[in-house]
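Student: No sequence on hand, only this structure:
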């Protein structure tokens, strides 16, 4: 394996924290921008997601400034396999002026899955301590978000489909 190829499998703690913060900034912006344009059916959940993303941004910023972590910002860490998907998902799609609830939920579900994979792998790649605990916490937060989104998606899809099934019987 060439040195360049081996190095591409590594990143630094600082780069990881910046990528995570950027992912959460983009998510916060995406959800905040959606709030006035989406139906009331999902607005409460999108507002919660926006608040949680802002909380994650603050947590990551505080973590980067913590002396225990700040001294290790240039330390190498194995680049997660999910990293490319994580970077790609940081760019939100344009959903128009009146986005469909299902489309919003599907995109949000995909983002949450990517975040789960990224944070879980980062937790696995770090030694026990503050950094590991933060990545594990973030992975668990994203799992909760995904579960909430899945429940709402299921409710919306089946509520929308219910009248169709009923009408077909008559």
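Tutor: The structure has been received and is ready for your questions. Values in this document were obtained by computation on a predicted structure and should not be read as measured data.
Student: Residue for residue, what is the longest helix the chain has?
Tutor: helix 130-169 (DSSP state H).
Student: What average pLDDT does it get?
Tutor: The average pLDDT for helix 130-169 rounds to 79.
Student: helices or strands next to it in the packing?
Tutor: helix 40-65, helix 67-70, helix 101-124 (3 or more CB pairs under 8 Å, 6 or more residues apart in numbering; DSSP states H and E). (Each C-beta comes from the backbone N, C-alpha and C, glycine too.)
Student: Name the next helix or strand downstream of the shortest one, please.
Tutor: Right, helix 67-70. Remark: after helix 67-70, the chain's next helix or strand is strand 76-78, criterion DSSP states H and E.
Student: Which positions within that next one qualify as buried?
Tutor: residue 77 (16 or more other CB atoms under 10 Å).
Student: got it, and stretch 37-53?
Tutor: Counting neighbours by 16+ other CB under 10 Å, the buried set in stretch 37-53 is 38, 42, 45-46, 49-50, 52-53.
Student: thought residue 114 was touching residue 82?
Tutor: Yes. Applying CB atoms under 8 Å, one finds residue 114 in contact with residue 82, separated by 6.2 Å.
Student: ok, back up a step: determine which stretch of the helices and strands packed on helix 130-169 is the most buried.
Tutor: Mean neighbours per residue, mean count of other CB atoms under 10 Å, is largest over the helices and strands packed on helix 130-169 for helix 101-124, with a mean of 20.
Student: contacts for that helix?
Tutor: Contact with helix 101-124 is made by 16, 20, 23, 27, 31, 34, 38-39, 41-42, 46, 49, 77, 80-83, 85-86, 89, 92-93, 95, 132, 135-136, 138-139, 142-143, 145-146, 149-150, 152-153, 156-157, as judged by CB atoms under 8 Å, 6 or more residues apart in numbering.
Student: ditto for stretch 48-64
Tutor: 14, 17, 20-21, 24-25, 27-28, 31-32, 35, 69-70, 73, 108, 130-131, 134, 138, 141, 145, 148.
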